[in-house]
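S.K.: Sequence first, then the predicted structure:
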Amino acid sequence: MTKDEIVDDVAAKTDSSKKDVEAIINATLETITKTLVEGGKIAFTGFGTFSVNRREARTGVNPQHPEQKIQIPAMNVPKFKAGKSLKDAVR
């Protein structure tokens, strides 16, 4: 499902305009991104939690030349942990 399909679905379910729903979704995604960039955590009870994990530097392998080793730098990566309600719904 794409963002446009989500906008269409939410607009139909809430009797709102697609323009308003898209603005709300964009603002929500911007807030989540900003919070994660600042090192924060976002929790939607029952749905899941967004957070940031630190991935340490490591040595990897160049896929085009498997004999060549490359150094992969340390970085922050986003993480999502599904909540109980979401897990139960998917099962």
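M.R.: Looks like it came in fine. Residues are numbered from 1 along each chain as shown.
S.K.: what's stretch 42-59 in contact with?
M.R.: Stretch 42-59 has contacts (CB atoms under 8 Å, 6 or more residues apart in numbering) with 32, 35-36, 39, 41, 69-86. (Glycine included, C-beta is placed from N, CA and C.)
S.K.: Go through those residues and flag which are in helices.
M.R.: 32, 35-36, 84-86 (DSSP state H).
S.K.: What about the residues you listed, which one has the most neighbours?
M.R.: residue 36 (17 neighbours; other CB atoms under 10 Å).
S.K.: Is it correct that it is in contact with residue 80?
M.R.: No. When contacts are counted by CB atoms under 8 Å, residue 36 is not listed as touching residue 80 (10.4 Å).
S.K.: Locate the residue of this structure with the greatest distance from its centre.
M.R.: Largest separation from the mean C-alpha position in the chain: residue 67, at 33.9 Å (CA atoms, centre = their mean).
S.K.: Distance-wise, check that one relative to residue 19.
M.R.: Look at residue 67 and residue 19: by CB to CB, to the nearest Å, they are 55 Å apart.
S.K.: could the ones in helices among the contacts of stretch 42-59 go into a markdown table alongside pLDDT and distance to residue 6?
M.R.: Converted to a markdown table, the ones in helices among the contacts of stretch 42-59 look like this (pLDDT from 0 to 100; distance: CB to CB, whole Å):
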| residue | pLDDT | distance to residue 6 |
| --- | --- | --- |
| 32 | 96 | 14 |
| 35 | 96 | 20 |
| 36 | 96 | 20 |
| 84 | 95 | 23 |
| 85 | 95 | 19 |
| 86 | 95 | 16 |
